[in-house]
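Novice: coords please:
(chains A, B, C, D, E and F)
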Number of protein chains: 6
Amino acid sequence: MRPSKRAVDELRAVTLERSVSKHAEGSCLVKFGDTHVLCTASLEERVPPWLRGQNRGWVTAEYGMLPRATGDRMRREASAGKQSGRTQEIQRLIGRSLRAVVNLEALGEVQISVDCDVIQADGGTRTASITGAWVALRDCVEWMRARDMVTGDVLTDHIAAISCGIYEGAPVLDLDYAEDSTAETDANFVMTGSGGIVEIQGTAEGAPFSEEEFGQLLGLAKAGINRLVDLQKMAIL
Amino acid sequence: MRPSKRAVDELRAVTLERSVSKHAEGSCLVKFGDTHVLCTASLEERVPPWLRGQNRGWVTAEYGMLPRATGDRMRREASAGKQSGRTQEIQRLIGRSLRAVVNLEALGEVQISVDCDVIQADGGTRTASITGAWVALRDCVEWMRARDMVTGDVLTDHIAAISCGIYEGAPVLDLDYAEDSTAETDANFVMTGSGGIVEIQGTAEGAPFSEEEFGQLLGLAKAGINRLVDLQKMAIL
Amino acid sequence: MRPSKRAVDELRAVTLERSVSKHAEGSCLVKFGDTHVLCTASLEERVPPWLRGQNRGWVTAEYGMLPRATGDRMRREASAGKQSGRTQEIQRLIGRSLRAVVNLEALGEVQISVDCDVIQADGGTRTASITGAWVALRDCVEWMRARDMVTGDVLTDHIAAISCGIYEGAPVLDLDYAEDSTAETDANFVMTGSGGIVEIQGTAEGAPFSEEEFGQLLGLAKAGINRLVDLQKMAIL
Amino acid sequence: MRPSKRAVDELRAVTLERSVSKHAEGSCLVKFGDTHVLCTASLEERVPPWLRGQNRGWVTAEYGMLPRATGDRMRREASAGKQSGRTQEIQRLIGRSLRAVVNLEALGEVQISVDCDVIQADGGTRTASITGAWVALRDCVEWMRARDMVTGDVLTDHIAAISCGIYEGAPVLDLDYAEDSTAETDANFVMTGSGGIVEIQGTAEGAPFSEEEFGQLLGLAKAGINRLVDLQKMAIL
Amino acid sequence: MRPSKRAVDELRAVTLERSVSKHAEGSCLVKFGDTHVLCTASLEERVPPWLRGQNRGWVTAEYGMLPRATGDRMRREASAGKQSGRTQEIQRLIGRSLRAVVNLEALGEVQISVDCDVIQADGGTRTASITGAWVALRDCVEWMRARDMVTGDVLTDHIAAISCGIYEGAPVLDLDYAEDSTAETDANFVMTGSGGIVEIQGTAEGAPFSEEEFGQLLGLAKAGINRLVDLQKMAIL
Amino acid sequence: MRPSKRAVDELRAVTLERSVSKHAEGSCLVKFGDTHVLCTASLEERVPPWLRGQNRGWVTAEYGMLPRATGDRMRREASAGKQSGRTQEIQRLIGRSLRAVVNLEALGEVQISVDCDVIQADGGTRTASITGAWVALRDCVEWMRARDMVTGDVLTDHIAAISCGIYEGAPVLDLDYAEDSTAETDANFVMTGSGGIVEIQGTAEGAPFSEEEFGQLLGLAKAGINRLVDLQKMAIL
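Specialist: Below is the predicted model:
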């Protein structure tokens, strides 16, 4: 039995609330149960130095956690003077995932910076971030389209992400913190709306896992991501 | 005429929403119009090194802004590797202000860290932070009281803060960003529920101001802070 | 009785010694009793990036303390790897105060950097810094004038600063360290030669203060700053 | 055709040279073709603070690259003042992978720090690092055993790693730099000697990949890692 | 002809003014012509961690330059966030030089930190620092002796330093900035009162120098340091 | 008797292995006994900002040590976030030494960065670095010559370095770690192939040394450097 009483293939309650920021060109407050992430997409009229003059744009992401998003207060990274390895790993993952569905030529020579800030954490912050970031990014692109700054298809597909894991011997979908902290295996999947795999990260926290177990996790993830993509489609109607 | 059509002595719509964090011992989402600050109070079983063994506690504060809380995206301080002078100045002010109404002996040898994170900014983030931080701090103290961790009066009074300024020649209360960015004079006041002054900061942005003008700003502030303290009282009913 | 036996409205012995640096375009060693600050004004043929091409100049300030300027040796900020919040707060205040009496258009597209380094501290280092910095800045402008680099009135007025506080229940002028460390209330005032207020910072260190008390401090400050401006005028004769 | 003319399931020439350091308790110079990594295992009589007094040890890893290990000279991280996100991601992976086959209780309250320094890079530095680090770690444990510092089975299995990718449409084993920089998909696998999976990381660099393609990569990896484990066994004979 | 008209073996005017700091246990303002360095010696009731419990003390030094000590304003190291390589090299030299004449056992388990801050620079700041630091250190030791904190001979000898160089083909003593910036060879010598050599640093700025030339510089230095030691003796009478 | 049984004027076994890097334009693995340093010379099509547009090049050096190059593991500087004072002092010395034999005009407007990374340390890493760096630098220049990027004599001479010291009362050549850590006096000499002195650094670790002793060290160094230059000549045949 999962601590949350959910079925093994059951997502937490997921909501995607758009236009939550007065300032950002695109924004989305995504909730996976008690995990809440504010995603904002900011249009910037500049690209990284190594991309200048190539008529291509860039999409990048940054990730942060409020100090008391977690059960124990964590030290503020701005005060510590640097971003942790975990933070950098996550924001690189979010950026890579988003770029997998962006036509950078169609974007033109601008940069979209997507900030994913965890207001409250209960496991799965990186997968919630990717899922919400797509919505914020999409609204930023539409903001540009309404101003004739882009014309073609900038976004080539949906992108969403979910975690799976082996909890008390059983493969389960969408780990919350109670599960995540004791799961034997933890895997994150990033997939497109059409079912292509963009990123797989699987880690044995305890005993190694088998190929068969991994296949079960992948199967759960595919179904979960299909559901998340449906929720994205409803959100942008 | 103020850009917001408010009367010169009219606050923005102020709300103080409690218990917005699943994890923090006390929390408050404070809104002064479009300025939104999430305040969390975290109980920590340790005090700064210079206070150890004195049977006294400590209250400190940290302040941050999400990168796209503002009209233009700002660089994330965790990525820049340090907190700006402005950030440090504000968090020192919040901490001082809160400590002015805390009986540190009654608190016992623990620390309460109050985090004020600006989700959306439209002027007056430091005064909103202080006003909301008091509510979060109060709920943290009550959390401790419910667990018999404190007995006496830890909080000796309310504390709240407001900005005033001279905008197009007239003294006005509670500057929003449109006013703040062009005001000739800008002043922040921190006062207790019983009307004592804890902090005054007045700055001439353009021409110097006179003693008389300063008196008018102080008068506006007193009335505004009275109103904020009433709102705090209603919030904690 | 004040520890120094001074009357409540009596300044410490104040001296302003000019041209103390072989290299700087303007310099002043200011002493408020045992508080000694070396102020140098350096002309630099560049402005901050956000000001380029606007035919306007900039005045900025930096503040530092020698490690043994104080009773106990403090860690050197260059060795600690960053400036403290207190240092940044003070240097921002000095810069703002100086700019309040500078016509940046008349200065032309250059920057004057004023360094205020505390050689010995006995309370009131920020107010001594502002008072001495004006003299160094003025001599830098005259250095430019002698070379036809400026023509009009670059400095529009004098600027000086003083601290006041409530010490053993009585409002007193120009706190030294013995007073500053036990004063109930501490306030810094920055005013122009013509009596305009540029900055007010008042902080209750212990009990909150009343409006009446604050008025008494302001009265002391006005008289003290008048005296400091007279001393500046004598110094530049 | 692969640039190196290798068969799709052919590893580069792999060598594992032991005892290359005069000082380290265990060391291994691992070469995967032109990728050369020096791995040293250092025994330290301390554990991280959060592990003190638990009679358990710790294994951690750090990763670095000499500035001219690559085609273009990279900035030295010690000079830049911080480790890049990529460096931190890799060293976290190496540490996790090693710990998957260490019985931390059997190790006792000491820490083994494994340093993986890339002397020359030609793709696959992280997988070479893991494969060589196991040998260095094993020799460090044997050094301890020879001194009666450990008795039981500290290492529970072999651990080795390999990259696979889809290059010009075909799944291939052990990408070198020429392949890695143009591969459509890049995946790293970490597995134990008994075939358990410890870590999977797959990333679509261009188009998303399918479940079937991922299965082919996993198949190649299993065979490759079997071969690497055989080489480890021969190396420690 | 030297720019200053000095004879080749002539020191600049050297003064050693004691007790210039209200707070420091020992202090000396040393001037070598226009090079002015404030040296303070601070007694601290602690030693570095690696020296604890050994009944021995430590002497260390830090060096800094005010931003406008030089012809062009330099960036403040506290603002840059780190000490330059040059600064660290100099402060290591000062510390080593002082320790060469200190009996650390006789000092007891305390640390004396000597700060050398360059108020104005005109060449030779490191040699002036060492020469003045000895006086500050000596007065700190006497301060301790007057309080019965030390009894035996803590200082075993004098220590002083001077630069020499080859300027326009001729060996000269005590380079000022005009000479230092164009000298072909530059050497610093640190010697004890009894003529022992503690440190030699010679650098060819242009063409390499010969053994014979080096011997001439050493001869000049010996005479110069004898003179500096005499000045130290007069200063502490 | 020296711990290594060497004669007082006997170098350790010195080898200079060229072309050890697949990527660098010039490289040399230098060994002085158990001290092993990898030197790479990297051609970069840029010069420092202050040298731009002057048709002159630059040669600079960086120095590093692998964490377990030494008997006890040292903290990685990239992880500590800064280079130590010792590291900066050494890399400045290497750069200065190399530039003493480079005709920067003949080099053209490019920079050669020489990295000296200590793979294993047993005393004398800075002198081994300089000796090996010259070989790497020379091969980089020849690489340029083969591509018609330089024509004239870029290198004007050989440069090599050696340490000497007074060990158990006797002057000895080429200190290894066992000697270096207990020597009373330690001196490093950098000289050209034609016998000119480029850098002398002598430090009394215990008692001061005399002029006569220093002369003996210099005599040993001259002979040792002659031998090193011969080895360089043989290496580049």
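
Novice: for the closest residue to chain C within chain A, which non-adjacent residue is closest in space?
Specialist: Residue of chain A nearest chain C, by C-beta to the nearest C-beta: A:Gly81 (7.8 Å). Backbone N, C-alpha and C define where each C-beta goes, glycine included. Once flanking residues are discounted, A:Gly81 sits nearest to B:Gly81: 5.3 Å by C-beta to C-beta, 6 or more residues apart in numbering or on different chains.

Novice: who are the contact partners of the one you found?
Specialist: By C-beta atoms under 8 Å, 6 or more residues apart in numbering or on different chains, the contact set of B:Gly81 is A:81-82, D:82.

Novice: pLDDT value on the spatially most central residue of chain A, please?
Specialist: Taking C-alpha atoms, centre = their mean, the centroid of chain A lies closest to A:Ile130, which sits 1.3 Å from it. At A:Ile130, the pLDDT value in this model is 98.

Novice: quick one: buried residues of the helix or strand where it lies?
Specialist: Under DSSP states H and E, the secondary-structure element containing A:Ile130 is helix A:125-146. Of all the residues in helix A:125-146, those buried under the rule 16 or more other C-beta atoms under 10 Å in any protein chain shown are A:125-144.

Novice: how about stretch A:62-74: buried residues?
Specialist: For stretch A:62-74, by 16+ other C-beta under 10 Å, it's A:62-70, A:73-74.

Novice: got the contact list for that stretch?
Specialist: A:75-77, A:87, A:90-91, A:94, A:113-121, A:125-126, A:129, A:177, B:21, B:23-24, B:27, B:38, B:40, B:42, B:44, B:62, B:64, B:66-67, B:76, B:78-79, B:113, B:115, B:117.

Novice: torsion angles phi and psi at the residue of chain A positioned farthest from its centre?
Specialist: Relative to the average C-alpha location in chain A, and by C-alpha atoms, centre = their mean, no residue lies farther out than A:Gly53, which sits at 29.8 Å. Dihedral pair for A:Gly53: phi 80, psi 20, per degrees, to the nearest 10.

Novice: host element of the nearest residue to it once chain neighbours are set aside?
Specialist: The shortest distance from A:Gly53 to any non-neighbouring residue, by C-beta to C-beta, 6+ apart, is to A:Glu109 (7.9 Å). Assigned by DSSP H and E, A:Glu109 falls within no helix or strand.

Novice: which residues touch A:Val59?
Specialist: So A:Val59 contacts A:95, A:98-99, A:102, A:104, A:107, A:111-112, A:114, A:137 (C-beta under 8 Å, 6+ apart).

Novice: where do the strands of chain A begin and end?
Specialist: A:14-18, A:26-32, A:35-44, A:58-65, A:111-120, A:159-167, A:170-173, A:185-192, A:197-204 (DSSP state E).

Novice: deepest in the core, which of these is it.
Specialist: Across those, averaging neighbours per residue (mean count of other C-beta atoms under 10 Å in any protein chain shown) puts strand A:159-167 on top, at a mean of 27.

Novice: any idea of the pLDDT on the closest residue to chain F within chain A?
Specialist: At 7.8 Å from chain F, A:Lys82 is the closest residue in chain A, using C-beta to the nearest C-beta. In this prediction, A:Lys82 carries a pLDDT score of 88.

Novice: so it sits against D:Lys82, correct?
Specialist: Yes: applying C-beta atoms under 8 Å, one finds A:Lys82 in contact with D:Lys82, separated by 6.0 Å.

Novice: residues from chain A in reach of chain C?
Specialist: A:Gly81 (C-beta under 8 Å from any C-beta of the partner chain).

Novice: so which bits of chain A are right by chain B?
Specialist: So far as C-beta under 8 Å from any C-beta goes, chain A lies against chain B at A:21-24, A:27, A:34, A:38, A:40, A:42, A:44, A:62, A:64, A:66-71, A:73, A:76-83, A:87, A:113, A:115, A:117, A:119-120, A:122.

Novice: do you know how far A:Thr127 is from C:Asp117?
Specialist: 52 Å (C-beta to C-beta, to the nearest Å).

Novice: could you work out the most separated pair of the buried residues of stretch A:62-74?
Specialist: A:Glu62 and A:Arg73 (21.2 Å; C-beta to C-beta).

Novice: what distance separates the start and the end of stretch A:1-15?
Specialist: Using C-alpha to C-alpha, to the nearest Å, one end of stretch A:1-15 lies 24 Å from the other.

Novice: which parts of it are buried?
Specialist: A:2, A:4, A:6, A:11-12, A:14.

Novice: in helices only, show me those.
Specialist: Of those, none are assigned to helices by DSSP state H.

Novice: now those residues as CSV including pLDDT and distance to chain F?
Specialist: Shown next, in CSV, are the buried residues of stretch A:1-15 (pLDDT from 0 to 100; distance: C-beta to the nearest C-beta, whole Å):
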residue, pLDDT, distance to chain F
A:Arg2, 95, 39
A:Ser4, 96, 39
A:Arg6, 97, 41
A:Leu11, 98, 39
A:Arg12, 98, 37
A:Val14, 98, 39
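
Novice: next, count neighbours for the closest residue to A:Asp34 other than its chain neighbours.
Specialist: Distances taken as C-beta to C-beta, 6+ apart place A:Asp122 nearest to A:Asp34, at 3.7 Å, with adjacent residues excluded. A:Asp122: 25 surrounding residues under other C-beta atoms under 10 Å in any protein chain shown.

Novice: residues contacting A:Asp122?
Specialist: A:32-35, A:176-177, B:22.

Novice: A:Arg2 contacts A:Glu179, doesn't it?
Specialist: Yes: counting by C-beta under 8 Å, A:Glu179 is a contact partner of A:Arg2 at 6.5 Å.

Novice: mutual contacts of those two, please.
Specialist: A:167, A:172.

Novice: what pLDDT is listed against the closest residue to A:Glu45 other than its chain neighbours?
Specialist: For A:Glu45, ignoring the flanking residues on the chain, the nearest one in space by C-beta to C-beta, 6+ apart is A:Val110 at 5.9 Å. A:Val110 is assigned a predicted lDDT (pLDDT) of 96.

Novice: need the phi and psi values for A:Val110.
Specialist: The phi/psi pair for A:Val110 (degrees, to the nearest 10) is phi -130, psi 170.

Novice: next one: it from C:Ser181, what distance?
Specialist: On the measure of C-beta to C-beta, A:Val110 and C:Ser181 end up 55 Å apart.

Novice: A:Arg138 versus A:Asp153, what's the distance?
Specialist: From A:Asp153 to A:Arg138 the distance is 12 Å (C-beta to C-beta).

Novice: re the thing from before, and the furthest pair within the buried residues of stretch A:1-15?
Specialist: It's A:Arg2 and A:Val14 that sit farthest apart of the buried residues of stretch A:1-15, by C-beta to C-beta, at 16.3 Å.

Novice: from chain B, how far off is the closest residue to A:Gly195 other than its chain neighbours?
Specialist: The shortest distance from A:Gly195 to any non-neighbouring residue, by C-beta to C-beta, 6+ apart, is to A:Lys222 (6.9 Å). Computed as C-beta to the nearest C-beta, to the nearest Å, the A:Lys222 to chain B distance reads 30 Å.

Novice: report how many residues lie close to A:Lys222.
Specialist: Using other C-beta under 10 Å: A:Lys222 sits among 17 other residues.

Novice: A:Thr192 is in contact with that one, correct?
Specialist: No: A:Lys222 lies out of contact with A:Thr192 (C-beta under 8 Å); the separation is 11.2 Å.

Novice: which elements pack onto the lowest-mean-pLDDT helix or strand in chain A?
Specialist: Lowest mean confidence among the helices and strands of chain A (mean pLDDT, DSSP states H and E): helix A:77-80, at a mean of 90. In this structure, helix A:77-80 packs against helix B:77-80, with contacts taken as 3 or more C-beta pairs under 8 Å, 6 or more residues apart in numbering or on different chains; DSSP states H and E.

Novice: what's the longest helix in chain A?
Specialist: helix A:211-235.
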